[in-house]
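Student: Predicted model follows, preceded by the sequence.
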Amino acid sequence: MFLTKGLICIAFLALLANAQFSPNYVNGRNGMVHLFEWKWDDIAAECENFLGPYGFAGVQVSPVNENAVINSRPWWERYQPISYKLTTRSGNEQQFASMVRRCNNAGVRTYVDVVFNHMAANGGTRGTGGSTADPGSKSFPAVPFSALDFNPTCGITNYNDPANVRNCELVGLRDLNQGNSWVRDRIVDFLNHLTDLGVAGFRVDAAKHMWPGDLAAIYGRLKNLNTGHGFSSGAKPYIFQEVIDLGGEAIKKSEYTGMGAVTEFRHSDSIGKVFRGKDKLRYLNNWGTSWGFAASDRSLVFVDNHDNQRGHGAGGADVLTYKVPKQYKMASAFMLAHPFGTPRVMSSFAFSNPDQGPPTTDGQNIASPRFNSDKSCSGGWVCEHRWRQIYNMVGFRNAVGTAQLQNWWDNGSNQISFSRGNRGFVAFNNDNYDMNSSLQTGLPAGSYCDVISGQKNGSSCSGKTIVVGSDGRANISIRKAEEDGVVAIHINAKL
Ligand code: 5J7
Ligand code: CA
């Protein structure tokens, strides 16, 4: 009796300890996309028409809770909460619930960007759901929160002082006290409501600005995922926490990796430097924790995110974005081909001013993306996830599964290649001269379609055909002037 109870108890603890590190993807799928500022109805359609069919495993959505309406409608108004009512410029609760259902039916999981470090700053008096607030007196009646629920007013000025970073206000945003039981209850209710609607996890905004102990208490009260949406019983929400730690500050990502994954900004910073030519590609041979990254299952990795693509935040000018397409596609292909981390693809709207909000129909309402015959987007939406070189690398990642990285090759400089077991092979040329080498692909003999330059269509290929001999070798040519400095073949692209 005692022994049985003890064993059950150990099994239960093991489950608790492991649960929050799995993204809860449907088997055989991998790769998440952030559909930044998209509307819920448009995401639902995208899950059915594109993300599902092309093998994407998940979608990160913009904050779902009511936010302050700021006059110029900048993107960052969504990071100024007014209440936990699910009404934003992306849609209402009914539309969100329907989106989550339709995406789950298409095999695509939903991750919500949750903002609970703070509420709106002064000026945020009217919300997207019709609620009002008075940030000046710390009154948010639609929750409700009053001054008692917030930390005393002070500004974040010293990133060497954890108490200042966690107990003071980030640019005037009213700082909630997550140690307060009323505040904790409201946050837990909000997150559990989203879980009931079928979401698979959360991106925790500004986690660095909250105490790890408070977050542990909140995460410890999260419900299991909704089995009515196809999750296995006992599954917990995947948690990835925004902790910007490039070193040199008092707060370390290691304070958070015991509770969930972290957004690995070093990955973004390093991959940007490498593909901008500030580091040699051959150094990528030990890509992973040797580069100072958190453990693979604790690292949510990305080339750019909605914040650092605008030149602020971690990485600065080295961050690659859609504005430098050749290097961006190479870095994205490397991230998706490499086994390290849980990759997230950014899907942007075009911007010239860093504060600029999404495309609208009338200055207020968000416009829907339009789709061209080559699958790309127009109407102000960049849709990197609809670039062939990117969605086909999601297909590559699905095709190789858990196969090991093997057959590493480099020319001592900026030409590299590797295989994923005997299932996939990629090569990159970031040198200022042509690449032309006979390389070991690890793949079975045959002809393969390069999924970067084209697409397999039945028995033909619209791009380069790569012929693998009986010894597994193939001639790989990437001229310096080519549109993309990468080729990729895999077992599902065999002709
Ligand atoms: C926090 C960090 O710890 C950090 O290292 C960082 O790079 C950025 C932030 C940061 O997080 C936010 C989270 C929110 O939910 C809402 C926010 O408004 C912010 C935020 O403002 C923010 O910092 C901005 O960017 C930093 C690089 C600057 O040092 C900060 O001063 C701040 O810049 C301010 O941005 C400008 O000073 C101010 O004039 C302007 O109005 C304001 C506009 O808001 C943003 O740019 C929002 C950024 C944001 C960043 C995120 O990482 C995020 O997840 C959400 C929003
Ligand atoms: Ca705080």
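Tutor: Noted; the coordinates are in hand. Numbering: from 1, shown residues only. Ligands and ions are numbered 1, 2, ... in the order given.
Student: how close does the residue of the stretch 151-300 of the chain at minimum distance from ligand 1 sit to Asp205?
Tutor: As assessed by Cβ to the nearest ligand atom, ligand 1 sits closest to Ile244 within the stretch 151-300 of the chain, at 3.9 Å. Glycine gets a C-beta too; all of them are placed from N, C-alpha and C. Applying Cβ to Cβ, to the nearest Å, the value for Ile244 to Asp205 is 11 Å.
Student: Sticking with the closest residue to ligand 1 within the stretch 351-495 of the chain, tell me its helix or strand.
Tutor: Using Cβ to the nearest ligand atom, Asp355 is the residue of the stretch 351-495 of the chain that sits closest to ligand 1, at 6.7 Å. If you go by DSSP states H and E, Asp355 is not part of any helix or strand.
Student: what about the residue of the stretch 151-300 of the chain closest to ligand 1, neighbour count?
Tutor: Ile244: 21 surrounding residues under other Cβ atoms under 10 Å.
Student: Could you look up the SS state of it?
Tutor: For Ile244, the assignment made with DSSP: H, G, I helix; E, B strand; the rest coil gives coil.
Student: you'd agree it is up against Ala207?
Tutor: No. Using Cβ atoms under 8 Å, Ile244 makes no contact with Ala207, being 9.4 Å away.
Student: which residues touch the residue lying closest to Ser347 once chain neighbours are set aside?
Tutor: Nearest residue to Ser347 in three dimensions, chain neighbours excluded: His385, at 4.6 Å (Cβ to Cβ, 6 or more residues apart in numbering). With contact taken as Cβ atoms under 8 Å, 6 or more residues apart in numbering, His385 is in contact with Val33, Leu35, Phe50, Leu51, Phe56, Val345, Ser347, Tyr391, Val394.
Student: Return the residues in contact with the residue of the stretch 351-495 of the chain closest to ligand 1.
Tutor: Counting by Cβ under 8 Å, 6+ apart, Asp355 has contacts Ser72, Pro74, Trp75, Trp76.
Student: Buried ones among these?
Tutor: Trp75, Trp76 (16 or more other Cβ atoms under 10 Å).
Student: Give me the nearest residue to Pro74, chain neighbours excluded.
Tutor: Nearest non-adjacent residue to Pro74, counting by Cβ to Cβ, 6+ apart: Asp355, 4.3 Å away.
Student: and that neighbour, how far is that from ligand 2?
Tutor: 23 Å (Cβ to the ion, to the nearest Å).
Student: Over to Gly341?
Tutor: In terms of Cβ to the ion, Gly341 sits 27 Å off from ligand 2.
Student: Quick check: beta-bridge partners of the closest residue in space to that residue that isn't next to it in sequence?
Tutor: Leaving aside its sequence neighbours, Gly341 sits nearest to Val301 (Cβ to Cβ, 6+ apart; 3.5 Å). Beta-bridge partners for Val301, by DSSP bridges, are Pro343.
Student: Okay, helices next: where are they in this protein?
Tutor: With DSSP state H as the criterion, the chain has helices at 2-19, 40-46, 93-105, 162-167, 181-196, 212-219, 265-273, 325-337, 388-400.
Student: Might you name the residue of the stretch 251-400 of the chain sitting closest to ligand 2?
Tutor: In the stretch 251-400 of the chain, no residue comes nearer to ligand 2 than Ile251, which is 11.5 Å away by Cβ to the ion.
Student: residues touching that residue, list them.
Tutor: Tyr159, Pro162, Val165, Lys208, Val243, Asp245.
Student: which of the residues you listed are buried?
Tutor: Using 16+ other Cβ under 10 Å, the buried ones in the contacts of Ile251 are Pro162, Val165, Lys208, Val243, Asp245.
Student: Let's have those residues in a markdown table, adding pLDDT and distance to Asn177.
Tutor: Below are the buried ones among the contacts of Ile251 laid out as a markdown table (pLDDT from 0 to 100; distance: Cβ to Cβ, whole Å):
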| residue | pLDDT | distance to Asn177 |
| --- | --- | --- |
| Pro162 | 98 | 15 |
| Val165 | 98 | 15 |
| Lys208 | 98 | 16 |
| Val243 | 97 | 20 |
| Asp245 | 95 | 23 |
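Student: can you list the residues of this protein near ligand 2?
Tutor: Asn117, Arg166, Asp175, His209 (Cβ under 5 Å from the ion).
Student: On the pLDDT front, check Gly316 for me.
Tutor: For Gly316, the pLDDT comes out at 78.
Student: what's near enough to touch it?
Tutor: Asn308.
Student: again with the one 5 residues further on
Tutor: Neighbour list for Thr321: Asp304, Gln309, Tyr328, Met346, Ser348 [criterion: Cβ under 8 Å, 6+ apart].
Student: Tell me how many other residues crowd the nearest residue to Val324 once chain neighbours are set aside.
Tutor: Nearest residue to Val324, sequence neighbours excluded (Cβ to Cβ, 6+ apart): Arg276, at 7.9 Å. Neighbourhood size, Arg276 [other Cβ under 10 Å]: 16.
Student: Hmm, Arg276 is touching Gln327, no?
Tutor: Yes. Under the criterion of Cβ under 8 Å, Arg276 makes contact with Gln327 at 6.2 Å.
Student: any common contacting residues for those two?
Tutor: Residues within reach of Arg276 and of Gln327 at once, by Cβ under 8 Å, 6+ apart, are Leu320.
Student: Centroid-nearest residue for the protein?
Tutor: By Cα atoms, centre = their mean, the mean C-alpha position of the chain lies nearest to Arg344, the distance being 3.5 Å.
Student: got the phi/psi numbers for the residue of the stretch 251-400 of the chain closest to ligand 2?
Tutor: Backbone torsions of Ile251, given as degrees, to the nearest 10, read phi -90, psi 130.
Student: Could you measure from it over to Trp211?
Tutor: According to Cβ to Cβ, Ile251 and Trp211 sit 10 Å apart.
Student: likewise Lys223?
Tutor: Distance of Lys223 to Trp211, computed by Cβ to Cβ: 22 Å.
Student: next one: Phe145
Tutor: Distance, Phe145 to Trp211, by Cβ to Cβ: 18 Å.
Student: Of the two, which one has the most company?
Tutor: Between Phe145 and Trp211, counting by other Cβ under 10 Å, Phe145 is the more crowded of the two (23 against 16).
Student: per-residue confidence at that one?
Tutor: 98.
Student: again, but for Gln20
Tutor: Gln20 is assigned 85 on the pLDDT scale.
Student: Hmm, it is touching Met259, no?
Tutor: Yes. Between Gln20 and Met259 a contact is recorded at 6.7 Å, counting by Cβ under 8 Å.
Student: Need the overlap of contacts for those two.
Tutor: By Cβ under 8 Å, 6+ apart, the residues touching both Gln20 and Met259 are Tyr219, Ile239.
Student: Up against ligand 1, what does the chain have?
Tutor: 76, 79, 115, 170-171, 173, 205-206, 208, 242, 244, 307, 312-314 (Cβ under 6 Å from any ligand atom).
Student: swap the cut-off to 5 Å and go again
Tutor: The interface of the chain toward ligand 1, taken as Cβ under 5 Å from any ligand atom, is made up of Trp76, Tyr79, Val115, Val171, Asp205, Ala206, Ile244, Asp307, His312, Gly313.
Student: Need the buried ones from these selected in ChimeraX.
Tutor: To isolate the buried subset of these in ChimeraX, counting by 16+ other Cβ under 10 Å, use the following:
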select :76,79,115,205,206,244,307,313
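Student: That'll do, ta.
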